[in-house]
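Peer 1: here is my input, please return the structure:
(4 chains)
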There are 2 protein chains.
Amino acid sequence: MPPKAPAKAARTPRRAKGAAKVAPRGPLSAQDWIRAALNLIIREGVQAVAVEPLAREIGVTKGSFYWHFQNRDHLVAEALKAWAEDQGRDVVARWGGVQDAERRLRVLLFAAFEDQENGLLFAALSASSEDPRVQPWLRRVSEQRLALGVESFKALGLPDMEAKQKALLAYAAYAGYFQLLRATPAAVASASDLSGYVHHLVDGLVPPKKAKK
Amino acid sequence: MPPKAPAKAARTPRRAKGAAKVAPRGPLSAQDWIRAALNLIIREGVQAVAVEPLAREIGVTKGSFYWHFQNRDHLVAEALKAWAEDQGRDVVARWGGVQDAERRLRVLLFAAFEDQENGLLFAALSASSEDPRVQPWLRRVSEQRLALGVESFKALGLPDMEAKQKALLAYAAYAGYFQLLRATPAAVASASDLSGYVHHLVDGLVPPKKAKK
DNA sequence: TCCGTGCAGTACGCATCCGTATGGAATAAC
DNA sequence: GTTATTCCATACGGATGCGTACTGCACGGA
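Peer 2: Residues are numbered from 1 along each chain as shown, chains lettered A, B, ... in the order given. So this is what the prediction gives:
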């Protein structure tokens, strides 16, 4: 537990006794722990975020962890918060640019599918959705994304109901794609052309004005 | 560890000391444990299948468990095997009936989406895909389903590549739908009409001969 | 009636994790 | 140099899970 009002200082490396483990580094920050936690979540899910294993991986001991965080749940909470806020920023960033409704949809979807790392992180978090610490954040992000999708389809002139269904379909295709990529990458690899995949999706969803297939 | 060659017998209820826990029952079978494990998997994922908690839930102690199974991994393995074999049977059952290629696709997809319990179980297992005990079974089932999908689309006269992409898209939409349903049911509920959702999916995938929308 | 067998309870040792307590090394400030 | 501060190591107690060993009970058959 670091005192609420920090002072100053920052120092140079050091290492544990028997452990010249990974890369030598200076003192850790809470951010370092959060990053490590998110990495671990991608690989093994939220429930794998345990203090002692994580500390081993970083190459320090619990002593460090409990200096930066009150307890395990606080780390998880911070990591999730960081993720969700990141998503919020992303959505806004991708939203702003394009005016034309159809182009915006395409840009949105292509960008989403192209950011593989983020997609896999989303899949990992969805995989931990039974965890009550995860659920609210997942809900937030999904609602935001779905709302954006619905908006975009309505901007094409579609009625509410249809826009909702199409948005859900697009989002499910997104979530499912990365779930499959995470669970059984080999299966996805068979249809290796991602851009073709996304084209199919988009062409199937955007009202067939001139389906460019 | 029950002796390899069982004999006979079957007896009447009994209960633990302080525990008139759930429903009174006779002696448990390995199947009972497997069923309980699958139930737990749906609710909390594979990693939640622990002997002692599971025993508590059933209302017995570990003593019983280790009578029926060698260890925890054996239970998990049996449960997964049971699931995968069930899926295999399902696929065949739904496959046999219909001759017309387009109708078969529709029937297949509608049936898949309608079996909510199975869909949620699939989502739960996919959520545990990082578990090396789960991965192979998941792979098997997904490959089988995808192969069936590709077949079905090729039967419509589509070229290989397109059939693969459409099958992947359909499967991702399936996986994603149930993942969302599991993770954030509220989000899915907004587009409440499942049949409309599936219609959208199918109409987007089946080559627009006479898109019946 | 007295065993044998099927199933379950109880108790133990071991491992892993949590969170706490406390000490210690390196640096910055003085 | 002395001191305060930052960051980490180490050692502890408690909880929970695994797997083993052994005991106990109810039933069926002899």
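Peer 1: in chain A, which residue sits closest to DNA strand D?
Peer 2: Of all residues in chain A, residue A:63 sits closest to DNA strand D, at 1.8 Å by CB to the nearest atom of the strand. The C-beta positions use only the backbone N, C-alpha and C, and glycine is treated the same way.
Peer 1: host element of that residue?
Peer 2: Using DSSP states H and E, residue A:63 maps to helix A:62-68.
Peer 1: ok so, going back, gap between the residue of chain A closest to DNA strand D and DNA strand C?
Peer 2: Residue A:63 is 5 Å from DNA strand C, where distance means CB to the nearest atom of the strand, to the nearest Å.
Peer 1: packing partners for the helix holding residue A:63?
Peer 2: Contact here means 3 or more CB pairs under 8 Å, 6 or more residues apart in numbering or on different chains; DSSP states H and E; on that basis helix A:62-68 packs against helix A:30-44, helix A:51-58.
Peer 1: can I get those in JSON lines with distance to residue B:191, mean neighbour count and mean pLDDT?
Peer 2: JSON lines is the format used below for these (distance: least, CB to CB, whole Å; neighbours: other CB atoms under 10 Å in any protein chain shown; pLDDT from 0 to 100):
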{"stretch": "helix A:30-44", "distance to residue B:191": "29", "mean neighbour count": "17", "mean pLDDT": "95"}
{"stretch": "helix A:51-58", "distance to residue B:191": "39", "mean neighbour count": "16", "mean pLDDT": "97"}
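Peer 1: dump the ones you listed into a markdown table; add distance to residue A:197 as well.
Peer 2: Listed next are the helices and strands packed on helix A:62-68 as a markdown table, based on distance: least, CB to CB, whole Å:
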| stretch | distance to residue A:197 |
| --- | --- |
| helix A:30-44 | 22 |
| helix A:51-58 | 34 |
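Peer 1: which residues touch residue A:142?
Peer 2: Listed by CB atoms under 8 Å, 6 or more residues apart in numbering or on different chains, the contact partners of residue A:142 are A:171, B:180, B:183-184, B:187.
Peer 1: per-residue confidence for it?
Peer 2: The model reports residue A:142 with a pLDDT of 95.
Peer 1: state the distance from it to residue A:136.
Peer 2: To residue A:136, residue A:142 is 11 Å away according to CB to CB, to the nearest Å.
Peer 1: ditto for residue A:100
Peer 2: Counting by CB to CB - residue A:100 and residue A:136 are separated by 35 Å.
Peer 1: can you give the domain ranges for chain A?
Peer 2: With domains defined by automatic domain parsing, chain A comprises A:30-72, A:83-205.
Peer 1: ranking those domains by burial, who's on top?
Peer 2: Highest mean neighbour count among those (mean count of other CB atoms under 10 Å in any protein chain shown): domain A:83-205, with a mean of 18.
Peer 1: return the residues in contact with the residue of chain A closest to DNA strand D.
Peer 2: Neighbours of residue A:63 in contact, by CB under 8 Å, 6+ apart: none.
Peer 1: what score does it have for pLDDT?
Peer 2: 95.
Peer 1: residue A:83 against residue A:37, yeah?
Peer 2: No: if you go by CB atoms under 8 Å, residue A:83 and residue A:37 don't touch, sitting 10.0 Å apart.
Peer 1: low pLDDT regions in chain A?
Peer 2: For chain A, applying pLDDT under 70 flags the ranges A:1, A:3-25, A:96-97, A:192, A:208-213.
Peer 1: I'd say residue A:95 and residue A:148 touch.
Peer 2: Yes: using CB under 8 Å, residue A:95 makes contact with residue A:148 at a distance of 6.7 Å.
Peer 1: ok now the helix or strand hosting residue A:168, how far from the chain's centre?
Peer 2: Assigned by DSSP H and E, residue A:168 belongs to helix A:160-183. With CA atoms, centre = their mean, to the nearest Å as the basis, helix A:160-183 stands 16 Å off its chain's centre.
Peer 1: measure how it sits relative to helix A:30-44, angle-wise.
Peer 2: Counting by axes from the mean of the first three to the mean of the last three CA atoms, to 10 degrees, helix A:160-183 points 90 degrees away from the direction of helix A:30-44.
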